[in-house]
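**Student:** please find the sequence and the predicted model below.
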Amino acid sequence: MDKKNALRAGTVAAGTTLMMLLLSSPALALTPDDGDDPGQGLSVAETLGLFVVAPLALFAVIAGLVMVLDKSRKPQS
């Protein structure tokens with residue numbers, strides 16, 4: 001009985017995903033909409049800095065602050 005429920009859940013999940021993919025409209029990025037005012041594109045270095053380096057740096061800063069400000073450590077004797 002458990003195998004039947006798992007199969008049913010997998011079928012529903014796969015069917016839902018397939019229907020969402022089939023019914024979603026394309027991005028239509030080639031045809032500009034009214035009021036679009038696109039700016040300059042990003043270079044490879046700017047893209048990597050914005051989407052890779054900046055999140056890693058932010059993660060490092062937050063992790064460092066958590067480690068420095070951690071109060072659960074026993075006092076050093």
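**Tutor:** Structure's in. What do you need? Numbering: from 1, shown residues only.
**Student:** all helices of the chain, in order?
**Tutor:** Taking DSSP state H as the test, the helices found in the chain are 2-23, 44-48, 54-68.
**Student:** take those helices and write them to CSV, including distance to Asp36 and mean neighbour count.
**Tutor:** (C-beta placed from N, C-alpha, C; glycine too.) As requested, the helices of the chain are arranged in CSV below (distance: least, C-beta to C-beta, whole Å; neighbours: other C-beta atoms under 10 Å):
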stretch, distance to Asp36, mean neighbour count
helix 2-23, 25, 9
helix 44-48, 21, 10
helix 54-68, 26, 10
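**Student:** weakest of those in terms of mean pLDDT?
**Tutor:** Out of the helices of the chain, helix 2-23 stands lowest, with a mean of 89 (criterion: mean pLDDT).
**Student:** give me the pLDDT value at Gln76.
**Tutor:** 68.
**Student:** with Pro38 instead?
**Tutor:** Looking at Pro38, its pLDDT reads 81.
**Student:** neighbours around Gly49, how many?
**Tutor:** 13 (other C-beta atoms under 10 Å).
**Student:** contacts only, for Asn5.
**Tutor:** Residues near Asn5 by C-beta atoms under 8 Å, 6 or more residues apart in numbering: none.
**Student:** and it, how far from Gly15?
**Tutor:** 16 Å (C-beta to C-beta, to the nearest Å).
**Student:** check Lys71 too.
**Tutor:** From Lys71 to Gly15 the distance is 50 Å (C-beta to C-beta).
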